[in-house]
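Engineer: Would you be able to build a 3D model of this:
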Amino acid sequence: MNAARTLRQGDTPTLHYRISALDGSEIDSTFGGEPVTLTLGRGELAEGLERCLLGLPVGERHVFRLEPGQAFGESRPELVLPVPLDQFPGDLPLHPGGLIEFTLPSGETLPGRVQEVGREHAVLDFNHPLSDCPILFEVEAIAVRD
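Structural biologist: Next comes the predicted model:
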């Protein structure tokens with residue numbers, strides 16, 4: 001009997017995943033929809049989630065409980081910044097809890113959540129929205145390209 005193929009760095013698996021809070025409330029999922037295909041080691045997935053995939057047998061479903069430091073990290077106070085209001089388009093509604101996406105010179109996008117809006121600036125939090133959150137990461141690799 002052959003052992004199941006396991007995922008290794010550099011592999012390109014096709015998989016289903018679910019990210020949920022510890023109470024089971026779903027945050028993101030591909031189960032019931034289209035699976036995703038990515039290449040391990042290219043930074044296409046958060047590093048902690050990718051570590052869960054290494055050594056995972058193709059065809060098996062696993063659930064991992066990840067603490068904030070293993071998943072999306074701890075929030076960092078230096079990523080909460082005041083941004084002058086004149087840096088935003090005039091027609092952009094700014095309100096606490098709103099999400100604004102900035103395009104960096106490299107072409108990457110960086111989302112920021114508005115914490116407060118003052119007379120001269122808005123305070124934005126550029127931490128990942130799931131930082132400080134323990135999560136459940138359920139994953140099933142359904143295929144891998146050789």
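
Engineer: hey, let's count contacts and neighbours off CA atoms from now on
Structural biologist: Noted.

Engineer: Please confirm that Glu78 is located within a helix.
Structural biologist: Yes - residue state for Glu78 (DSSP: H, G, I helix; E, B strand; the rest coil) corresponds to a helix.

Engineer: for Gly10, helix, strand, or coil?
Structural biologist: Secondary structure of Gly10, reduced to three states by three-state DSSP: coil.

Engineer: Of all the residues in stretch 54-72, which ones are buried?
Structural biologist: Along stretch 54-72, the positions that meet the burial threshold by neighbour count (16 or more other Cα atoms under 10 Å) are 56-59, 65-68, 70-72.

Engineer: how close does the most centrally placed residue in the chain get to Leu38?
Structural biologist: In the chain, the C-alpha nearest the mean C-alpha coordinate belongs to Ala46, at 5.8 Å (Cα atoms, centre = their mean). Ala46 is 12 Å from Leu38, where distance means Cα to Cα, to the nearest Å.

Engineer: on that earlier part again, ok, now which ones touch the residue nearest to the centre of the chain?
Structural biologist: Ala46 makes contact with 71-72, according to Cα atoms under 8 Å, 6 or more residues apart in numbering.

Engineer: Can you tell me which helices and strands the helix or strand bottoming out on mean pLDDT in the chain packs against?
Structural biologist: The least trusted helix or strand in the chain, going by mean pLDDT, DSSP states H and E, turns out to be strand 99-103, with a mean of 86. The criterion is 3 or more Cα pairs under 8 Å, 6 or more residues apart in numbering; DSSP states H and E, and the helices and strands that strand 99-103 contacts are strand 109-117.
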